[in-house]
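Asker: What follows is a protein structure lacking sequence information:
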Ligand code: AVJ
C-alpha cells in the first residue's frame, strides 16, 4: 500500500463480473469495463502503479492537496456534508478532513461494503469528532441521501483521483449530473482531473519500464481464469496502451498474440491474432473541455488548483 492511494475498490459479492465479461467478449470489438480491474490483486497492483516513477498522476494530486487543502476547505465556508465518490480511505481525503470543520458529516460512497467499513473504522480513529456515515452504493447510478442528511448543511461532492477519466464523455457527464443533483442549489463539487500534457509523459505513465501496468491489466485475464474457471493463457496476450492525441485519451487493450479459442462459462470465445480486448480509457482534459462538460451537467467552474508542473487540476464547481 503506498502512502497516497488506495485503489477505488469495485469488489462486491456480485459485481456482474461474469455477465459483463461474457457480454464484452461476445461484442465486436471486444471490451471489458475497467471497473473489473480492481479485485484484491488488481487493487494491490494499482497501489504499486501509484508509486512508479513514470506514474505522475497520484503524486501530482497529492502535491495539490498537501499545498491547498486548507484553502480548498476555506472555500466550502463552514461545516458541510462531504460526499465522496469511490474509495474513502486515501491520503488525499485525509488531507481534506484535516482541515474540515468538525461539525461536518463525511459520507463515502462505495460499492464494496467491506472496503467502506474498513476505511470508515480507520478514519473514525483518526477523526473522532467527525460524523462518518458510509453509503454503500454505485456512484454511477443516481444516489439517494438518507433523510437525516437533510440536516441544514450544504452538500459537497468530492471525486478525486481522475477516476472520471475512465468514462466516455456521455457517461462522464452522467456522473457529473449525479454530483449536481446531490449538491442541490447551495452545494459545490470538488473533482480531481488529469490534464493534457506532453504525450510522451502520458505514454510513459501507462507503459512503465517494470511492466507493472501490463501486469495490472493482465490480471483481468487471471481474474477471469480464477473466478470464471477459464484457462486463458495470459502469456498469449500483450498489453498495449496508446495515447490518442486527437481524443486526448489513453486507450489500453490486451491484444491476442495468435489465433486462439477458449471456453468461458460454457461459451466458446475466439480471438484472432492481433485482436484487441479494450480494457481502459483514461481521458486527459483541457480546462475549457472540462468546463464544457461541467456546463452540460449544470456546473460552473469556480476555482482551480494545480501542481507546479500543471499536470493535474483540482477543480471546485458550483451550480
Ligand atoms: C485510477 C482511473 C485514475 O486512469 O490513470 C493507472 C487507472 N490505469 N494505470 C488512471 C490506471 C493504468 C487510473 N485511474
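Answerer: That came through fine. Every value quoted in this text rests on a predicted model; they were computed, and no experiment measured them.
Asker: Could you check how many residues crowd around residue 239?
Answerer: 18 (other CB atoms under 10 Å). Every residue, glycine included, has its C-beta placed from N, CA and C.
Asker: residues from the chain in reach of the ligand?
Answerer: Contact residues, the chain versus the ligand (CB under 6 Å from any ligand atom): 49, 57, 161, 162, 163, 165, 166, 206, 213, 280, 282.
Asker: show me where this protein has strands.
Answerer: 30-31, 80-85, 105-110, 131-132, 135-136, 154-159, 188-194, 237-244, 249-256, 260-264, 267-271, 276-283, 300-306, 312-318 (DSSP state E).
Asker: Residue 143 is nearest to which of those strands?
Answerer: strand 105-110 (6.1 Å; CB to CB).
Asker: buried set for stretch 120-134?
Answerer: Of the residues in stretch 120-134, 120, 123, 127, 130, 132, 134 count as buried by neighbour count, 16 or more other CB atoms under 10 Å.
Asker: give the contact list for residue 72.
Answerer: 65, 96, 99, 190, 303, 305, 314, 316 (CB atoms under 8 Å, 6 or more residues apart in numbering).
Asker: ok so, going back, report the two of the buried residues of stretch 120-134 separated the most.
Answerer: 127 and 134 (13.8 Å).
Asker: mean pLDDT for the strands of the chain: which is lowest?
Answerer: Of all the strands of the chain, the minimum mean pLDDT falls on strand 135-136 (a mean of 88).
Asker: Give me the contacts around it.
Answerer: 83, 107, 108, 109, 110, 111, 112, 113, 116, 143, 145, 146.
Asker: In contact with the first one, which residues?
Answerer: When the contact criterion is CB under 8 Å, 6+ apart, the partners of residue 83 are 107, 108, 109, 135, 143, 145, 155, 156, 157, 158, 182.
Asker: now residue 259
Answerer: Residue 259 makes contacts with 270, 271, 272, 273, as judged by CB under 8 Å, 6+ apart.
Asker: Distance check, it against the ligand.
Answerer: 28 Å (CB to the nearest ligand atom, to the nearest Å).
Asker: Give me the pLDDT for that residue.
Answerer: For residue 259, the predicted pLDDT is 98.
Asker: picking up where we left off before, filter the contacts of residue 259 down to the buried ones.
Answerer: Applying a neighbour-count criterion of 16+ other CB under 10 Å, the buried members of these are residue 271.
Asker: Can you pull out the low-pLDDT segments for the stretch 51-200 of the chain?
Answerer: For the stretch 51-200 of the chain, the stretches flagged by pLDDT under 70 are 87-89.
Asker: Perfect, that will be all.
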